[in-house]
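In: Structure, please.
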Amino acid sequence: MTLKGARYALSYCVAVAMLAGCGGSQPPIGAPGAVPQTSALAAHAQRGKSWMKPGTNDEALLYVSAGMNEVIVFSLESLQQVGELTGMQDPWGECVDARGDIFITEASSSEAVEEYAHGGTSPIRTLHAFYGNGAPVGCAVSRNGDLAVSTDFTLDDATDGIARTTSDEGGILIFKKAKGTPKGYANSNCDNPSSPAYDPRGNLYVEGVVGSQPGNICELPAEGSSLNVVSLTSLKGKPKEINGRGSVMWDGKHIVIASLYKPKSSSSPALRLYETRESSDGNLTVVGHTRLDTPCSFGIIPGQIFLLGDKNTPVNDHEATLAIAGNDYDFGSCYSSSNVGGWPYPSGGMPQWAVSTYYAFGVSVSLPKK
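Out: Numbering: from 1, shown residues only. A predicted model of the protein is given here:
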């Protein structure tokens, strides 16, 4: 595991320790329909080049940013490995546009966000979204094709002329139409921003964490000029607390906020996905939630949540039916068997299936063009 991977796994461990304690060797994850991939990974690792099984352009593809500087590609139907993208430096966050193109951020000195066509083995575009001493860690694409990239660097330290506001650590870069030079936005109350999400109107939401405090939600309104903290409350107006550095996702009807929590009926932390309603001022009201459980005794430590609907994100207009998450956890053996799972959404519960990689942070699904 890379140093940067260890950093983020540790940050989650700290968050979960507040709920259930951290440390010790844990039994491997298991789930109905778990698919062993060790032999396939080992066989193709020798090739050293990106590859894709013929015919995959007609399949729904699951992309997983794994260890060893590669992205593993699975058929979403068979859950078997059908490809591998190599040559990257610490692939991290992922997102998909309306065409099914996959964007992969590289949390390293490569300064890159690479775009791949559905089923493609070579990048069709490389964007530079890395300045100062930080890295791009998450991304989202709007309906009009703008690309948002979350970063973990000090925006005002860069000297490349990009408009910025002061931040202790991290911010958002916006590439208009996923091209050219980005514009940066930051808010010190949303440091260490996670994987962001656009709603259909072009408003961008992201979760950030300041030190060991509970997370905050920030919004960059469509055509707005600043990243602003917004509230997250229950239907009765009571504040909802966010634990951990969870991701944000559009599910076809709601902006969904991920948060770790400890169920009363279990000693293992689970993941709660808050389904929210947006007000005109950007504030969010929780109207429902989905709980993701795992057989892993330590619980789930997600890097990114992906909610799959009937079309490629972000053009879904019907509520998603599947939640996919990787377990970004590299202590003991909890992560080593089946660390990417698929849960029914919005019912949640235990995963319906699982696949294995090395460790996982970014996950995304690209649907074939019809």
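
In: In the stretch 151-300 of the chain, where is pLDDT below threshold?
Out: 153-169, 210-212, 245, 265-268, 295-300 (pLDDT under 70).

In: Quick test: name the residue nearest the centre of this protein.
Out: Residue closest to the average C-alpha location in the chain (C-alpha atoms, centre = their mean): Q304, at 2.6 Å.

In: residues in contact with that one?
Out: Q304 makes contact with 93-94, 138, 194-195, 247, 325-326, 361-363, according to C-beta atoms under 8 Å, 6 or more residues apart in numbering. Yep, even glycine has a C-beta here, placed from its N, CA and C like the rest.

In: For these, which ChimeraX command selects only the ones that are buried?
Out: Per 16 or more other C-beta atoms under 10 Å, the buried members of the contacts of Q304 correspond to this ChimeraX selection:
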select :93,94,138,194,195,247,325,326,361,362,363
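
In: Can you flag which of the contacts of Q304 belong to strands?
Out: 93-94, 138, 325-326, 363 (DSSP state E).

In: Quick check: which of those has the minimum pLDDT.
Out: The lowest pLDDT within the ones in strands among the contacts of Q304 belongs to G326, with 80.

In: ok, now which ones touch that one?
Out: Contacts of G326 (C-beta under 8 Å, 6+ apart): 64-65, 302-304, 339-340, 357, 359-363.

In: Now it: closest residue in space, sequence neighbours ignored.
Out: In space, and not counting its chain neighbours, G326 is closest to A360: 2.6 Å by C-beta to C-beta, 6 or more residues apart in numbering.

In: For the one you found, grab the count of nearby residues.
Out: Close neighbours of A360, defined as other C-beta atoms under 10 Å, add up to 26.

In: Would you confirm that it contacts I305?
Out: No - using C-beta atoms under 8 Å, A360 is not in contact with I305; the gap is 11.8 Å.

In: Could you give the number of residues near E223?
Out: Other residues within reach of E223 by the criterion other C-beta under 10 Å amount to 7.

In: what about it, distance to R272?
Out: Distance of E223 to R272, given as C-beta to C-beta, to the nearest Å: 32 Å.

In: cool, T181 as well?
Out: Counting by C-beta to C-beta, the separation of T181 from R272 is 38 Å.

In: again with V248
Out: From V248 to R272 the distance is 13 Å (C-beta to C-beta).

In: joint contacts of those two?
Out: Common neighbours of V248 and R272, using C-beta under 8 Å, 6+ apart, are A258.

In: more crowded one of those two?
Out: Remark: of V248 and R272, V248 carries more neighbours, 28 against 21, as counted by other C-beta under 10 Å.

In: who's in contact with the more buried one?
Out: With contact taken as C-beta under 8 Å, 6+ apart, V248 is in contact with 194-197, 205-207, 217, 255-258.

In: So for it, what's the nearest residue that isn't a sequence neighbour?
Out: Nearest residue to V248 in three dimensions, chain neighbours excluded: A197, at 4.2 Å (C-beta to C-beta, 6+ apart).

In: Show me what that neighbour is bridged to.
Out: Y205 (DSSP bridges).

In: For it, give its distance to V64.
Out: From A197 over to V64 the distance is 19 Å, taken as C-beta to C-beta.

In: now M52
Out: 14 Å.

In: Which residue of the two possesses the greater neighbour count?
Out: Using other C-beta under 10 Å as the criterion, M52 and V64 rank with V64 on top: 28 against 17.

In: pretty sure the more buried one is touching E70, no?
Out: No - applying C-beta under 8 Å as the test, V64 and E70 come out as separate, 9.5 Å apart.

In: What does A178 show for phi and psi?
Out: Backbone torsions for A178, taken as degrees, to the nearest 10, come to phi 60, psi 40.

In: Report pLDDT for the spatially closest residue to it that is not a sequence neighbour.
Out: Distances taken as C-beta to C-beta, 6+ apart put L147 closest to A178, at 4.0 Å, once the chain neighbours are dropped. In this model, L147 is scored at 97, pLDDT.

In: How about the contacts made by L147?
Out: Residues near L147 by C-beta under 8 Å, 6+ apart: 95, 103, 113, 127, 139-141, 174-175, 178.

In: Mind pulling up the pLDDT for the residue nearest to G326?
Out: In the predicted model, A360 carries a pLDDT score of 80.

In: Tell me the most packed of the contacts of L147, by neighbour count.
Out: Tallying neighbours with other C-beta under 10 Å puts C139 at the head of those, with 31 neighbours.

In: how near is the residue of the chain most remote from its centre to I217?
Out: Using C-alpha atoms, centre = their mean, the residue of the chain lying farthest from its centre is K236. It sits 29.6 Å away. According to C-beta to C-beta, K236 stands 18 Å off from I217.

In: ok, back up a step: so is the residue nearest to the centre of the chain in a helix, a strand, or just coil?
Out: Classification of Q304 using DSSP: H, G, I helix; E, B strand; the rest coil returns strand.

In: Quick one: the helices in the stretch 1-150 of the chain, in order.
Out: For the stretch 1-150 of the chain, the helices defined by DSSP state H, counting those that start in this stretch occupy 3-17, 38-45.

In: cool, and the stretch 251-370 of the chain?
Out: So, for the stretch 251-370 of the chain - with DSSP H, counting those that start in this stretch - there are no helices.

In: my read: G202 touches G145, true?
Out: No - applying C-beta under 8 Å as the test, G202 and G145 come out as separate, 10.6 Å apart.

In: which residue sits closest to L292, ignoring its sequence neighbours?
Out: Distance criterion C-beta to C-beta, 6+ apart; nearest residue to L292, sequence neighbours excluded, is L271 at 4.3 Å.

In: And for L79, the neighbour number?
Out: Using other C-beta under 10 Å: L79 sits among 17 other residues.

In: Was I right to think it contacts V355?
Out: Yes - here L79 reaches V355: they are 5.4 Å apart, a contact under C-beta under 8 Å.
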